[in-house]
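**Q** Just to be clear, the model below is a prediction. Sequence and coordinates:
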2 protein chains.
Amino acid sequence: MIDRESPVPIYYQIEEYIKQLIETEALNPGDAIPSEREFTEQFKVSRMTVRQAITNLVNEGYLFRQKGKGTYVSNQKIEQTLQGLTGFTEDMKKRGLKPGSKILDFKLAPAELSVAKQLYINEHDPVYEIKRIRLADDLPMALEMSYLPANLIKGLTEEIVNNSLYEYIEDNLQLKIDYATQVIESSLSHEDEAKLLQIPKNAPILLIQRQTFLDNGQPFELVKSKYRGDRYKFVVDMKRV
Amino acid sequence: MIDRESPVPIYYQIEEYIKQLIETEALNPGDAIPSEREFTEQFKVSRMTVRQAITNLVNEGYLFRQKGKGTYVSNQKIEQTLQGLTGFTEDMKKRGLKPGSKILDFKLAPAELSVAKQLYINEHDPVYEIKRIRLADDLPMALEMSYLPANLIKGLTEEIVNNSLYEYIEDNLQLKIDYATQVIESSLSHEDEAKLLQIPKNAPILLIQRQTFLDNGQPFELVKSKYRGDRYKFVVDMKRV
DNA sequence: GAATTATAGATGTCTAGACAACATAATATT
DNA sequence: AATATTATGTTGTCTAGACATCTATAATTC
């Protein structure tokens, strides 16, 4: 198990060993790992070496200690769960679903007042309006209305929208996407939406409205989504300040 | 400088000492701190103790090491937090509403399996179960079921719960609340919930399940909430990574 | 039976070394 | 003068213990 001839430090070998126990589900979240003394006997190493391995895994969020009791497996790696801002495509991939999309409408139109306000532009300024059905594993997941100010996001096409909009904005337009504010509420499906989402009328839907900003504080995207309540749960991690 | 009679660990005293050097700008970003051997002589402690202090500061982002050269002051403490994790009371205040609460049930009971799993405790371990109606401007806003492991959150009373639970945990129990994972979904009100929330049956509700963690990765709270869909919107900010 | 007191086992802190690996500067060799 | 070598100082890894503190359980006492 431990190779003393290896240039890989012993504490690191022990780290890998424990991580593998977690990944193979030999150890599950909440389970106690063997005590430090047990590891010293198992691997014939000093306790400080074992502690170095365990301390690293504690710092990485794999384990947590309880004085006088033992050391336990955490739920997930923290960094991994502190999820970033992503689009629909990345979101679905993370959930292990195949993302898809069907554009219902793509046009350049003058902005309505409510949309203009949220994009920090004037009423009747040109905005791209994109209406889509979002699919996951080929089944409807959400209805989506996107609004993008044409003076800022230039040269948009259906092609780009269907591939990766965020990559286009960051790579081609050289703009830096920074953060988004999302408002989430519960609602019921109307008849026409129900039909498109293939759910009954008056079924629960998750209404998500997102305003996405560049690093200069300017909004470049407004997305109004209606997710099927039976298929979608919104997951968010928050940090105490 | 180092007080050996103090119950405060020596490594922690050294940490504070180094942090103070940085804060008073006796040490600036890029500067090398004294070598580990110099510290052992200055404080008359073993090198492992010095290393424990420095390792902690490296993990917290204050310092970085260079093998064979030395240890240096970092540019800045990394990891700025995005948004505050708060309880119901703070949340309502931010929205300009008067928070209120009515406890329907407060008891110490053996944990059910599903709850135990999410709190990383064993089935039948004691948990505080608190059922509340949450009010905003004296009107029902949400139904809330809270579960807290009694072996960790000790001495809980209705009084504490009604005032500020988080303050009690951080100030009295000296535990550090770190982050929470929340799962949000859309649902419909059942008959009994509808009555308590004073809304019609089958009205939209926002179902929020929150798992709150300490800084060691251990969960200390599980909250299942049902918010009135007509009164509550969940707002979250996300940062692009 | 209930409360109190040991006891065993876990993590927390600390010691006084040892040798390895790496970086740099001083010294010796070519 | 350029190149090797050596010396020195740094962090990296590791040992074999010690005692403290906390938890949970077993044993004892009331």
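**A** Alright, I've got the coordinates.
**Q** Now tell me which helix or strand of chain A has the poorest mean pLDDT.
**A** Lowest on mean pLDDT, DSSP states H and E among the helices and strands of chain A sits helix A:78-81, with a mean of 42.
**Q** Show me chain A divided up by domain.
**A** Domain assignment of chain A by automatic domain parsing yields the ranges A:10-80, A:88-228.
**Q** Whichever residue of chain A sits closest to DNA strand D: neighbour count?
**A** Taking Cβ to the nearest atom of the strand, DNA strand D has its nearest neighbour within chain A at A:G68, 2.4 Å off. Quick note: C-beta positions are derived from backbone N, CA and C, even for glycine. Using other Cβ atoms under 10 Å in any protein chain shown, A:G68 has 5 other residues around it.
**Q** ditto for A:L143
**A** Neighbour count of A:L143, defined by other Cβ under 10 Å: 21.
**Q** Checking it next. Helix, strand or coil?
**A** Secondary structure, DSSP: H, G, I helix; E, B strand; the rest coil: A:L143 is strand.
**Q** list the contacts for it?
**A** A:L143 sits next to A:131-134, A:193, A:196-197, A:225-226 when contact means Cβ atoms under 8 Å, 6 or more residues apart in numbering or on different chains.
**Q** Would you mind giving the residues you listed as a markdown table with distance to chain B, neighbour count and secondary structure added?
**A** Below are these laid out as a markdown table (distance: Cβ to the nearest Cβ, whole Å; neighbours: other Cβ atoms under 10 Å in any protein chain shown; DSSP: H, G, I helix; E, B strand; the rest coil):
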| residue | distance to chain B | neighbour count | secondary structure |
| --- | --- | --- | --- |
| A:K131 | 21 | 16 | strand |
| A:R132 | 20 | 21 | strand |
| A:I133 | 18 | 17 | strand |
| A:R134 | 16 | 23 | strand |
| A:E193 | 13 | 17 | helix |
| A:L196 | 17 | 16 | helix |
| A:L197 | 12 | 24 | helix |
| A:S225 | 12 | 22 | strand |
| A:K226 | 10 | 22 | strand |
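**Q** Give me the contacts around stretch A:167-175.
**A** With Cβ under 8 Å, 6+ apart, stretch A:167-175 has contacts from A:152-154, A:156, A:160, A:176-177, A:214, A:220.
**Q** And stretch A:36-44, by the same measure?
**A** Residues contacting stretch A:36-44 (Cβ under 8 Å, 6+ apart): A:1-2, A:10, A:14, A:34, A:45-47, A:50-51, A:53-54, A:71.
**Q** Same check on stretch A:1-18?
**A** The contact list for stretch A:1-18, computed with Cβ under 8 Å, 6+ apart, reads A:27, A:33, A:39, A:42-45, A:49-50, A:52-54, A:56-57, A:62-63.
**Q** How confident is the prediction for the nearest residue to A:L27 once chain neighbours are set aside, by pLDDT?
**A** Distances taken as Cβ to Cβ, 6 or more residues apart in numbering or on different chains place A:L21 nearest to A:L27, at 4.5 Å, with adjacent residues excluded. pLDDT, A:L21: 90.
**Q** CA atoms of the one helix or strand A:L21 maps to as PDB?
**A** Applying DSSP states H and E as the criterion places A:L21 in helix A:10-23. This file holds the C-alpha atoms of helix A:10-23, laid out as PDB (Å, rounded to 0.1, in the frame of the first residue of the first chain):
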ATOM      1  CA  ILE A  10       4.200   9.000   2.400                       C
ATOM      2  CA  TYR A  11       1.700  11.500   3.600                       C
ATOM      3  CA  TYR A  12       0.600  12.000   0.000                       C
ATOM      4  CA  GLN A  13       0.300   8.300  -0.600                       C
ATOM      5  CA  ILE A  14      -2.000   8.100   2.500                       C
ATOM      6  CA  GLU A  15      -4.000  11.000   1.200                       C
ATOM      7  CA  GLU A  16      -4.500   9.300  -2.100                       C
ATOM      8  CA  TYR A  17      -5.500   6.100  -0.300                       C
ATOM      9  CA  ILE A  18      -8.100   7.800   1.800                       C
ATOM     10  CA  LYS A  19      -9.500   9.700  -1.200                       C
ATOM     11  CA  GLN A  20      -9.800   6.500  -3.100                       C
ATOM     12  CA  LEU A  21     -11.800   5.000  -0.200                       C
ATOM     13  CA  ILE A  22     -14.200   7.900  -0.500                       C
ATOM     14  CA  GLU A  23     -14.400   7.800  -4.300                       C
END
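**Q** Can you give me the buried ones in it?
**A** Buried residues in helix A:10-23, counted by 16 or more other Cβ atoms under 10 Å in any protein chain shown: A:10-11, A:13-15, A:18-19, A:21-22.
**Q** tell me the secondary structure for A:A26?
**A** Classified using three-state DSSP, A:A26 is coil.
**Q** can you pull the contacts of it?
**A** With contact set as Cβ under 8 Å, 6+ apart, A:A26 has no partners.
**Q** where does it fall, phi/psi-wise?
**A** Backbone torsions of A:A26, given as degrees, to the nearest 10, read phi -70, psi -30.
**Q** What parts of chain A come near DNA strand D?
**A** Within chain A, the positions near DNA strand D by Cβ under 7 Å from any atom of the strand are A:9-12, A:44-49, A:52, A:66-69.
**Q** Kindly recompute the last result at 10 Å.
**A** Residues of chain A lying close to DNA strand D (Cβ under 10 Å from any atom of the strand) are A:2-4, A:6-15, A:36, A:40, A:43-53, A:56, A:66-70.
**Q** Out of those residues, which end up buried?
**A** Among the residues of chain A next to DNA strand D, the ones that count as buried by 16+ other Cβ under 10 Å are A:10-11, A:13-15, A:36, A:40, A:43, A:45, A:49-53, A:56.
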